[in-house]
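K.L.:
Pasting a predicted model and its sequence here:
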Amino acid sequence: MATLKQATGPQFTRIYALGAARGDLDVPNDDLVGPIDSSDEWIRQRTGIITRKRASPDVTVTELAVEAGAEAIAKAGIEPSQVGAVIVSTISTGVATPSVSTLVAERLGAGTVPAYDMNAACAGYTYGIAQADALIRSGLAEYVVVIGAEKLSDLVDPADRSISFLLADGAGAAVVGPSDEPAISPTVWGSDGSHWSSIWMTGTYQQMKAGELDAWPTMRQDGQTVFRWAVWEMAKVARQAMETAGITAEDLTAFVPHQANMRIIDELAKQLKLPENVLIGRDIATTGNTSAASIPLATHRLLEEHPEASGGLSLQIGFGAGLVFGAQVVRLP
């Protein structure tokens, strides 16, 4: 009987570089408060957001993803032809098919490499890092580009008080490749479908086609349920990620959670008892909530503001609609 050959790759992987693209428009709270009968103070107190980045109508998710991916590849010091796969985490492409990842791969110069979109909402980037790590170690690719890209402003109802004022547009990218030492820990990830209805769309394609909806479907959330779940359950996941990585909070240089809400970020840091010297990603204040793009965007900004953090360990955790979650410890590029 013939024996099948098996591909094998390097034992370890790391993130080589990050890239970022934010919406071209600054949208302060005062621009949004009229339809929700609110105020700048109310939004700041509830979310920590001062202003958010949104893209002009003619800017696409693909364009944001390509901009971020191109920066990451250039900073990584590799050629686009060396990229072995492209993963785009997104919920806001506007079409069911084809995937934007194939177009992103082509525009990045990666050629005909495998490329796929992934819907894991705000955990999408951490899911992508986990998959890139596995693809490389299994020998299926030498370098993988992981991109979280969103244009959430397309999914906003300006009169919605549950989530509309949180959402923003942007893309964050990472190049993952082989490493001589461990630099991406095993991922702690999962889902909780019992909370499937905590973050939802107001309708389906079928309902729209049947004329059952008065308006295009937009996003909603049960804020209290999501807040409690994010704070209490995700603190457990973050601790498990550190335990799985074999480190403690004292070993961390940075903590970069999904930029869902500043109150959630601050409460998670408190629950984890992070030392005062640990840098915390708080990009939400001026970028907003960009779902799958939020962790790489926040990490990119953190490294720009604190270049001394390069080479340190960062705990990153994503969580969102599904409900889904993913966390790992990575060495910062």
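P.N.:
Yep, that arrived.
K.L.:
all contacts plus neighbour counts: C-alpha atoms, from now on.
P.N.:
Noted.
K.L.:
Okay, and Ala132 sits in which element?
P.N.:
Using DSSP states H and E, Ala132 falls within helix 124-137.
K.L.:
For this protein, name the helix or strand with the lowest mean pLDDT.
P.N.:
Ranked by mean pLDDT, DSSP states H and E, the weakest helix or strand in the chain is helix 205-209, scoring a mean of 89.
K.L.:
shaky segments in the protein?
P.N.:
Within the chain, no range satisfies pLDDT under 70.
K.L.:
quick one: the strands in the stretch 51-200 of the chain?
P.N.:
With strands called from DSSP state E, counting those that start in this stretch, the stretch 51-200 of the chain shows them at 51-54, 83-89, 115-118, 143-151, 169-179, 188-191, 199-201.
K.L.:
And stretch 245-261, end to end?
P.N.:
Taking C-alpha to C-alpha, to the nearest Å, the first and last residues of stretch 245-261 lie 26 Å apart.
K.L.:
Name the residues of that stretch that come out as buried.
P.N.:
For stretch 245-261, the neighbour count (16 or more other C-alpha atoms under 10 Å) marks Ala245, Ala249, Leu252, Thr253, Ala254, Phe255, Val256, Pro257, His258, Gln259, Ala260, Asn261 as buried.
K.L.:
Please list the residues outside stretch 86-96 that contact it.
P.N.:
Contact with stretch 86-96 is made by 60-62, 65, 100-102, 104-105, 113-121, 124-125, 128, 144-152, 154-155, 292, as judged by C-alpha atoms under 8 Å, 6 or more residues apart in numbering.
K.L.:
and it, how far from the chain's centre?
P.N.:
Relative to the centre of its chain, stretch 86-96 is centred 12 Å away, using C-alpha atoms, centre = their mean, to the nearest Å.
K.L.:
how about that stretch: buried residues?
P.N.:
Using 16+ other C-alpha under 10 Å as the test for burial, stretch 86-96 gives Val86, Ile87, Val88, Ser89, Thr90, Ile91, Ser92, Thr93.
K.L.:
same thing with stretch 214-229?
P.N.:
Quick answer for stretch 214-229 (16+ other C-alpha under 10 Å): Pro217, Thr218, Met219, Arg220, Gln221, Val226, Trp229.
K.L.:
same deal with stretch 140-159?
P.N.:
For stretch 140-159, a neighbour-count test (16+ other C-alpha under 10 Å) marks 140-158 as buried.
K.L.:
same question, stretch 302-312
P.N.:
If you call a residue buried by 16+ other C-alpha under 10 Å, then stretch 302-312 has these buried ones: Leu302, Leu303, Ala309, Ser310.
K.L.:
circling back: now go through the buried residues of stretch 245-261 and say which are in helices.
P.N.:
Using DSSP state H, the members of the buried residues of stretch 245-261 that fall within helices are Ala245.
K.L.:
can you tell me how far Ser56 sits from Glu67?
P.N.:
From Ser56 over to Glu67 (counting by C-alpha to C-alpha), the distance is 15 Å.
K.L.:
Kindly report the same for His300.
P.N.:
Per C-alpha to C-alpha, His300 is found 14 Å from Glu67.
K.L.:
any common contacting residues for the two?
P.N.:
With contacts taken as C-alpha under 8 Å, 6+ apart, His300 and Glu67 have Gly19, Ala20 as neighbours in common.
K.L.:
Which SSE is immediately downstream of the least confident helix or strand of the chain?
P.N.:
Scanning forward in sequence from helix 205-209 by DSSP H and E, the next helix or strand is strand 219-221.
K.L.:
from the chain's centre, how far out does that following strand sit?
P.N.:
The chain centroid and the centroid of strand 219-221 are separated by 18 Å, computed with C-alpha atoms, centre = their mean.
K.L.:
go on, stretch 300-307?
P.N.:
Relative to the mean C-alpha coordinate of its chain, stretch 300-307 is positioned 17 Å out (C-alpha atoms, centre = their mean).
K.L.:
which residue ranges form the helices in the chain?
P.N.:
Using DSSP H, helices in the chain cover 40-47, 61-76, 100-108, 124-137, 205-209, 223-228, 234-245, 262-271, 284-287, 294-305.
K.L.:
tell me the angle the longest one makes with strand 83-89.
P.N.:
Per axes from the mean of the first three to the mean of the last three C-alpha atoms, to 10 degrees, the angle that helix 61-76 makes with strand 83-89 is 140 degrees.
K.L.:
Thanks a lot, see you next time.
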